[in-house]
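Q: Curious how this folds, go ahead:
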Amino acid sequence: MSIYAPETFAREFHAIASNIGQAIVGKDYAIALTLTALFARGHVLLEDNPGTGKTSLARAIARTIEGDHGRIQFTPDLLPSDVTGVMVLDQATGAFSFREGPVFCSILLADEINRASPKTQSALLEVMEEGRVTVDRLARDVPQPFMVIATQNPVEQAGTYDLPEAQLDRFLIKTALGYPDREAAMRIVGEAHVHDRTVALAPVTSTARVLQLAAIAEQTRVRRDVLDYVLRLCEATRRGTLVGASVRGALALVRCAKVLAAADGRAYVL
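A: From the prediction side, this is the model:
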């Protein structure tokens, strides 16, 4: 099969989204945005109220692509080594070995990331940007694909730490799930006996296939006038504000546009 096949990408993208939608009811747009980040090799920040399905979203994606799912509950006493891993002494042999942290998975849920100290938050910077962690001067790659879904609770801000700009800049997309509409809520409460809707999900693809699909999306054509439009948009955000969109932001916009075009079955960005 040719790697340049937007029709194939569109078909499989919507099959993945539909499967996740069985667990995350009535949130097709948020699912599509999260998958856009996955195929664009980026990360997602969800700022939402408790009980809207953020954990279920991460678990549903992992089950759908046959990937590992990790979860870190960020708290003020969480240490960077609790995120990345730590060297442990084997008393029997007297040698140190590396014990992997929760980041060694395909889909990592960083729950209430703003409740941890800036030092611990920064432990995610390297792995989000480069797909690896460095412990004891040795770099270790995390599985691919790798995506962080971080959450922030917009209420109860006491004892929280605002994410620094350097951390926010690592997220490709910021969105929210929100509460379901009445019809979706009726379906959910009508199945109150189902404690975890993700358990019944069957995989529809694999992590290896996700990487192949991401390569398909990367082949989407972007004309020079569209690139110029992207740059003008980013330049406009820098006027009259302390921090506008960086070049990384322009790259992120192009990557997302490529994925969305391929998801629409097009080989070019509008």
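
Q: and the gap between residue 254 and residue 233?
A: 11 Å (CB to CB, to the nearest Å). Placement of C-beta: from N, CA and C, glycine included.

Q: any residues in contact with both of those two?
A: When contacts are counted by CB atoms under 8 Å, 6 or more residues apart in numbering, residue 254 and residue 233 have no shared neighbour.

Q: higher neighbour count, these two?
A: Taking neighbours as other CB atoms under 10 Å, residue 254 and residue 233 compare with residue 254 leading, 18 against 13.

Q: Surely that one touches residue 230?
A: Yes - using CB atoms under 8 Å, residue 254 is in contact with residue 230, at 5.8 Å.

Q: tell me, what's touching those two both at once?
A: In contact with both residue 254 and residue 230: no residue, using CB under 8 Å, 6+ apart.

Q: What segments of the protein are helices?
A: Assigned by DSSP state H, the helices in the chain fall at 6-21, 28-39, 54-64, 80-84, 118-121, 125-130, 165-168, 182-190, 207-218, 224-237, 247-263.

Q: Could you identify which of the ones you listed is most buried?
A: helix 54-64 (a mean of 24; mean count of other CB atoms under 10 Å).

Q: Summarise which helices and strands that helix is packed against.
A: helix 6-21, helix 28-39, strand 69-73, strand 107-111, strand 147-152 (3 or more CB pairs under 8 Å, 6 or more residues apart in numbering; DSSP states H and E).

Q: export these to JSON lines and tack on mean pLDDT and distance to residue 247?
A: Converted to JSON lines, the helices and strands packed on helix 54-64 look like this (pLDDT from 0 to 100; distance: least, CB to CB, whole Å):
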{"stretch": "helix 6-21", "mean pLDDT": "94", "distance to residue 247": "26"}
{"stretch": "helix 28-39", "mean pLDDT": "95", "distance to residue 247": "19"}
{"stretch": "strand 69-73", "mean pLDDT": "90", "distance to residue 247": "30"}
{"stretch": "strand 107-111", "mean pLDDT": "91", "distance to residue 247": "25"}
{"stretch": "strand 147-152", "mean pLDDT": "91", "distance to residue 247": "21"}
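
Q: and of the ones you listed, who's closest to residue 206?
A: Taking CB to CB, helix 6-21 is the member of those nearest to residue 206, at 11.0 Å.

Q: quick one: the closest residue to residue 243 other than its chain neighbours from residue 19, how far?
A: By the measure of CB to CB, 6 or more residues apart in numbering, the closest residue to residue 243 outside its immediate chain neighbours is residue 165, 5.7 Å from it. Residue 165 sits 35 Å away from residue 19, going by CB to CB.

Q: what sits against residue 48?
A: Residue 48 sits in contact with 54, 151-154, 176-178, where contact means CB under 8 Å, 6+ apart.

Q: Looking at those, which has the smallest pLDDT value?
A: Ranked by pLDDT, these bottom out at residue 154 (71).

Q: pull the helix or strand with minimum mean pLDDT from this structure.
A: Here the helix or strand of the chain ranked lowest by mean pLDDT, DSSP states H and E is helix 165-168, holding a mean of 76.

Q: And for it, what's in contact with it?
A: 45, 121-122, 124-125, 174, 243.

Q: among those, which ones are buried?
A: The neighbour count (16 or more other CB atoms under 10 Å) marks 45, 121, 124 as buried among the contacts of helix 165-168.

Q: Throw those into CSV and include pLDDT, thanks.
A: Below are the buried ones among the contacts of helix 165-168 laid out as CSV (pLDDT from 0 to 100):
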residue, pLDDT
45, 93
121, 85
124, 87
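
Q: Show me which of these is closest to residue 97.
A: Distance to residue 97 across the buried ones among the contacts of helix 165-168 (CB to CB) is lowest for residue 124, with 23.1 Å.

Q: Okay then, goodbye and thanks.
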